[in-house]
Structures are given as C-alpha cells and as structure tokens.
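Student: Here is the input, now give the coordinates:
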Amino acid sequence: MNRAEGLLSLARANGAIIATAESCTGGLIAAAITDIPGSSDVFDRGFVTYSNGAKEDMLDVRAETLNAFGAVSEDVAREMAEGALKRSDANIAVAVTGIAGPGGSEHKPEGRVCFGLARTGAATQVETIEFGAIGRDAVRRATVDHALNMIVGVLKA
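Tutor: This is a model prediction of the structure:
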C-alpha cells in the first residue's frame, strides 16, 4: 500500500475530508490522492495558487502577509491552509509554498518549502523544510511526500 492509499484508509476511518492548497507543487498533492480509486470519498478539492494574486483571490491570503513575509513563508502557508479549509467542504487542509528551483536567493534558498495544515477545531500547524538544491523534480516529490505524511500524522494521532 502506498502513502496515498494509507492516507485514504485513515481518512475514511476518521471521517476526514481533505482539501489541498498548492503553489510549488502545482497540484501534485491532489493528483497523488486522486490517483487512487475511491478517493472521492475523502477528497473535496484542490487549489493550485501559483501566483500571489491566486493566493489572495482563491484562499484569502492577505496582501499584507505576502508583502511582509513573501510567498514562501510559514505565515502564507498558514493562511493558505486556513483559506482552503474555509473555502471547501473539507475538515483538513494541507498547504505548500516554496522554491522548487532552479534558483532561489540567500534569504529564500532553492529547496525551502513551507507547509501548513489546518483542521476544523484545532490549531493550524506550520513548518519549514529545507530540502536543499536537489533539483526541481526531487523537491516537488519530497514536498508531496511530506505533505501526505503530515496528513497521515494527524489522522493517526
């Protein structure tokens, strides 16, 4: 059983409905979940918000947050996750925003990804992972794996 199949089993057992809010992964988390037959039982929707404008329009990320911290920040990941929860029928939402590469800067290096996990009735979790300059595809794959693991972690708790 792969990670997404395990996640779906746990989600069903816990009555979880999932939404995703993705920037650097461009919908790969939603794709990993919906690749599994029967995922419609637990997956509500995915938001691909690559641009700052999309984050604001679709997820209610505040322009002030984007201006103060930049798109690749835990503050934005938090607002993305909370916005996805609010704008869906889900009770758990995962969000990712990062620098998949190539490129980056001294302050926001390639491979930095910020994650948010919002749940109904619980405090939103945020964290930053430094995957390093391992290449665009590898950063995106690692981000999908980590996001799925975050969801599994709260469903097992």
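
Student: biggest helix in the protein, by residue count?
Tutor: helix 136-156 (DSSP state H).

Student: what does that helix rub up against?
Tutor: The set of residues external to helix 136-156 that reach it, using CB atoms under 8 Å, 6 or more residues apart in numbering, is 3-4, 6-7, 10-11, 13-14, 16, 18, 20, 24-26, 28-29, 32-33, 92, 94, 96, 98-102, 110-111, 113, 115, 117, 119, 122, 125, 129, 131, 134. All C-beta atoms are positioned from the backbone trio N, CA, C, and that covers glycine.

Student: now for the lowest-mean-pLDDT helix or strand in the chain, which elements pack on it?
Tutor: Least confident element among the helices and strands of the chain, by mean pLDDT, DSSP states H and E: helix 3-14 (a mean of 90). With contacts defined as 3 or more CB pairs under 8 Å, 6 or more residues apart in numbering; DSSP states H and E, the packing partners of helix 3-14 are helix 28-34, helix 136-156.

Student: go with 10 Å
Tutor: strand 18-22, helix 28-34, strand 43-48, helix 136-156 (3 or more CB pairs under 10 Å, 6 or more residues apart in numbering; DSSP states H and E).
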